[in-house]
Every structure is written in structure tokens, then in C-alpha cells.
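*Asks:* I need the structure of the sequence given here:
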Amino acid sequence: MVKIAQISCGTDYSGVQKEIEKAAATFGSEIIIPEADLDYIDEAYEKFGFNAASSGIRLMIARAMSIVEGKTDADAVFIATCFRCAEGALVRNELRRFIQQNTHLPVVTYSFTERTKADELFIRMEALSTIVARKSLLAREKQEGLTIGIDSGSTTTKVVLMENNKIIGTGWLPTGDVIETANTGMDQAFEGTGYKLEDVDGVGVTGYGRLTIGHHMNAALIQEELSVNAKGAVFLAGHQRGEATVLDIGGMDNKVITVNDGIPDNFTMGGICAGASGRFLEMTARRLGVDITELGPLALKGNHMKAQLNSYCIVFGIQDLVTSLAAGGRKEDVASAACFSVAEQVYEQQLQEIDVREPLIQVGGTSLIGGLVDAVSTILGGIDVIVPEYSQYIGAVGAALLVSGLTKK
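*Replies:* This next block holds a predicted model:
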């Protein structure tokens with residue numbers, strides 16, 4: 001059983017502790033709480049050197065120190081503080097960095113509310129468990145045989161057919177009924193290859209619909225998208241060794257994953273506001289009267305400073321957009337402002353919470369929007385952003401690659 005050390009403040013009195021334990025147990029993991037007596041709390045607090053007012057925060061520091069000093073036997077770490085606690089947010093990030101600099105344990109951070117439920121934590125707990133339990137599989141760098149990967153996303157379903165480390169077929173369509181959509185996507189991927197489903201050596205499934213599709217197809221691999229997407233991203237970018245950061249701005253949520261030798265060691269997921277998602281860009285394109293594929297080139301011709309969007313809410317963001325257009329603003333400037341608005345929110349909500357390691361690999365459907373890629377690079381100080389070929393298929397590629405390590409020839 002995977003042991004996940006929990007470092008948190010306020011989870012008991014806010015009523016979410018049982019939800020955390022339920023989420024971990026769902027994926028065969030056990031939550032353990034590092035021990036720390038009063039003397040050790042004082043000692044650890046002095047060593048760490050963070051001036052905290054809350055006794056709960058001091059206990060968090062002692063528990064983190066217990067992990068770093070080897071007093072707690074853990075396979076992974078889950079750090080959580082209350083969404084409304086500014087001091088908690090500060091120490092959460094410092095402890096994450098402290099543990100990562102001094103151990104090799106995968107870490108995930110989370111800010112909870114009193115309404116947090118177990119299912120909101122599933123993907124994070126599943127990813128932590130997967131990274132520990134399937135480390136050798138995640139280290140796999142080559143796809144072998146004939147395998148198919150399906151990424152059933154919230155907005156679109158992507159399918160990739162791979163043969164001996166090469167992509168030979170793809171499918172892409174809006175997600176509807178997940179089974180029907182997957183079947184249609186597979187038909188698209190098989191088209192012109194001479195192969196059919198009976199010929200493949202293994203099926204790998206990821207994304208929101210992975211359980212339904214995976215069980216229906218008796219797939220050999222049914223895995224959350226954090227570890228699968230990271231694998232697909234570094235494979236496509238040709239950067240399977242060393243460190244990297246994977247950024248996936250999705251239709252409904254965003255993922256930032258740091259990777260070392262192809263294995264994730266920290267990640268964050270956004271989802272606080274749709275104003276930081278690809279859905280906002282879809283609405284922007286519709287309001288500008290252009291296809292989503294035209295939004296990126298349009299934005300690259302504009303100046304975001306001439307049409308600033310001051311709201312982070314998707315509803316009020318569109319209201320700002322309409323106001324700018326009504327005042328005579330150019331479509332190019334508004335498109336650029338929308339891209340910068342999304343990039344700024346992703347930076348403030350997620351990229352600040354993670355140590356960005358170059359290269360940054362931007363993936364997912366929104367990576368095809370050039371104006372957004374440019375905005376991300378600018379906000380991060382002009383760093384190079386890699387957008388690999390097939391970047392919109394990373395989940396399906398990762399699933400096809402990983403499942404080849406589970407098939408029997």
C-alpha cells in the first residue's frame with residue numbers, strides 16, 4: 001500500500017479530513033500523519049526559520065521536518081491548507097519546496113474549502129499513487145508493437161494509433177457520449193492504416209471518461225491524465241531525460257507538471273475560474289466572429305496593452321471584451337488581451353506555486369493558439385516555450401506508449 005504523508009492545517013475542524021482519507025483509499029493508498037511532539041515542534045520551527053503565528057502552521061513545519069529527517073516513512077506527500085488562509089498559502093509552497101529539495105518524494109499541494117469532497121481529490125491521489133506504484137512503467141521511453149491510446153477529455157476526445165514508436169493514425173472530435181465518441185475516434189485513427197481494433201496489442205485510456213471507456217474495452221491501461229500527459233509531452237518534445245515543466249491549459253481545467261527523467265514529481269491543477277481556461281478563448285473567438293483556429297494568428301497581430309481585460313471571471317471578462325469592442329477596439333488587440341488574461345491567471349494561480357524548470361513544454365489543444373503561447377512566454381520573462389508536433393494528442397500518445405509496457409508479445 002502506498003503511504004501518503006499528509007501535512008495540513010485545519011482539515012479536521014473544516015470537516016474535509018475524512019474526504020482526504022476516502023480519496024486516498026479509493027486508489028489503494030493510506031494517509032499517514034507524521035508524528036511530532038512539543039519539543040520537536042519547537043526544534044523544527046527554529047531550524048526552518050519561518051515566522052508563523054498559527055500553531056497549526058508550526059505543526060505543519062515540524063511534520064515536514066520529520067519527513068526530511070527520515071523520522072517518517074512515506075512514499076509521497078500531500079500538503080493542504082485552507083483556501084482562505086494567506087499564511088497557509090505561504091507556508092504550503094515553502095514546505096513543498098523544502099521537501100522537494102531534500103527528498104525524492106513526489107509532492108502535491110492543495111488548497112481546500114469546507115466543501116471539498118473526495119471526488120475533487122481523486123485525480124491528485126490517483127496520480128500520487130501511480131507515480132509511486134508504477135514508477136518503472138512511467139520511466140518507459142519507447143513505444144513498441146501496435147497500441148492505441150484514447151484521451152477522453154472534457155471538451156474533446158483524442159485517439160492515437162502507434163506502431164514501433166511512430167504515430168500512424170489520429171482521431172479528434174468533440175466529446176459526446178464517451179463510448180460512441182471513442183469508437184468514432186478509433187475509426188478515424190485506423191483509417192488508411194490497414195489495421196483494425198482486433199490487430200492492436202494493447203489499449204490505453206486516460207482523461208475524464210477513462211473508467212467508462214476502459215472498463216467497456218477491457219483496456220490494459222486505465223490511468224489518470226497527470227502522469228500520462230507528462231509522459232506524452234516529454235516523448236513528443238524529445239526531452240525524456242532531465243527536468244522540464246509541462247503546461248496544459250485545458251477546456252475546463254489546467255495542469256502544470258514538473259518532470260524529472262520523464263516521471264512527474266510535482267503538479268498543480270487549476271479550476272477555480274473558467275476565465276483561466278480554454279473555454280474562455282472559445283467564447284472570445286465566437287464573440288470576435290472568428291474560428292478558434294484563427295484566434296492565435298489574430299492575437300499575434302495585436303497589442304494586449306490596448307484592450308486590457310480587468311476581470312478574472314469568465315462572465316465579466318467577456319463583458320470587458322464587449323466593452324472594448326464597443327469602444328472601437330481592434331479585434332487583434334482584444335484577441336491578444338484575451339490570451340494574456342488567460343496566461344496571467346495561469347501564472348498567478350498555478351505557475352507561481354511551482355518551480356518552473358526549463359524547458360517549458362506547452363501542450364493540449366490551446367497550445368495551437370500561437371497568441372497564448374506567446375503570452376505565456378512573455379509573462380515568464382521571455383523563456384523559450386516548446387510546442388511539439390502532435391501537442392494536442394499528448395494524453396493519447398502517453399497512453400499508447402505506456403500500455404506497450406503492459407502488453408504480452
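
*Asks:* what about Glu144, is that helix, strand or coil?
*Replies:* Using DSSP: H, G, I helix; E, B strand; the rest coil, the structure places Glu144 in coil.

*Asks:* oh, I was asking about Ile383
*Replies:* coil.

*Asks:* Next: Asp248.
*Replies:* Classified using three-state DSSP, Asp248 is strand.

*Asks:* Can you name the helix or strand that Arg286 falls in?
*Replies:* Following DSSP states H and E, one finds Arg286 within helix 278-288.

*Asks:* Can you list the neighbours in contact with that helix?
*Replies:* 155, 249-252, 274, 291-292, 294-295, 298, 314, 317-318, 321-322, 325, 331, 334-335, 338-339, 341-342, 364-366, 369, 372 (Cβ atoms under 8 Å, 6 or more residues apart in numbering). To be clear about C-beta, it is placed using only N, CA and C from the backbone, and glycine gets the same treatment.

*Asks:* Equivalent analysis for stretch 299-312, please.
*Replies:* Taking Cβ under 8 Å, 6+ apart as the rule, stretch 299-312 contacts 273, 275-276, 317, 319-321, 324, 329-341, 345, 369-372, 374-375.

*Asks:* re earlier: identify those among the contacts of helix 278-288 that sit within helices.
*Replies:* Among these, the members found in helices (DSSP state H) are 292, 294-295, 298, 314, 317-318, 321-322, 325, 331, 334-335, 338-339, 341-342, 372.

*Asks:* Show me which of these are buried.
*Replies:* Among the ones in helices among the contacts of helix 278-288, those classed as buried by 16 or more other Cβ atoms under 10 Å are 292, 295, 298, 314, 317-318, 321, 325, 331, 334-335, 338-339, 341-342, 372.

*Asks:* what's near enough to touch the closest residue to Thr72 other than its chain neighbours?
*Replies:* Nearest in space to Thr72, with sequence neighbours left out and distances taken as Cβ to Cβ, 6 or more residues apart in numbering, is Pro34 at 4.0 Å. Each residue near Pro34 by Cβ under 8 Å, 6+ apart is listed here: 5, 7, 62-64, 66-67, 71-72, 74.

*Asks:* Go again with 10 Å.
*Replies:* Counting by Cβ atoms under 10 Å, 6 or more residues apart in numbering, Pro34 touches 5-7, 40, 59-60, 62-67, 71-74, 77.

*Asks:* Taking their axis directions, the helix or strand bottoming out on mean pLDDT in the chain and helix 278-288 sit at what angle?
*Replies:* Every helix and strand in the chain was compared by mean pLDDT, DSSP states H and E; the lowest is helix 314-326, with a mean of 78. Interaxial angle of helix 314-326 relative to helix 278-288 (axes from the mean of the first three to the mean of the last three Cα atoms, to 10 degrees): 30 degrees.

*Asks:* Please tell me how far helix 314-326 is from the chain's geometric centre.
*Replies:* The chain centre lies 28 Å from the centre of helix 314-326; the measure is Cα atoms, centre = their mean, to the nearest Å.

*Asks:* Show me what it packs onto, helices and strands only.
*Replies:* helix 278-288, helix 331-349 (3 or more Cβ pairs under 10 Å, 6 or more residues apart in numbering; DSSP states H and E).

*Asks:* what helix or strand is Ile99 on?
*Replies:* helix 86-102.

*Asks:* same thing with Phe235?
*Replies:* Applying DSSP H and E as the criterion places Phe235 in helix 225-236.

*Asks:* Thr258 too?
*Replies:* Using DSSP H and E, Thr258 falls in strand 254-260.

*Asks:* Adjacent strands (with direction) for that strand?
*Replies:* The pairing partners recorded for strand 254-260 under DSSP bridges are strand 243-249 (antiparallel), strand 263-269 (antiparallel).

*Asks:* Identify the bridge partners of the most centrally placed residue in the chain.
*Replies:* For the chain, the residue nearest the mean C-alpha position is Lys255 (2.3 Å; Cα atoms, centre = their mean). Per DSSP bridges, the residues bridged to Lys255 are Asp248, Met269.

*Asks:* where's it relative to Asn102, distance?
*Replies:* Using Cβ to Cβ, to the nearest Å, we find Lys255 at a distance of 25 Å from Asn102.

*Asks:* show me what contacts Met125?
*Replies:* Applying Cβ under 10 Å, 6+ apart, we find Met125 in contact with 2, 4, 20-29, 31, 76, 78, 108, 118, 224.

*Asks:* tell me which element it is part of?
*Replies:* Element membership for Met125 (DSSP H and E) is helix 118-133.

*Asks:* How far off centre is that helix?
*Replies:* For helix 118-133, the distance to the chain centre is 12 Å (Cα atoms, centre = their mean).
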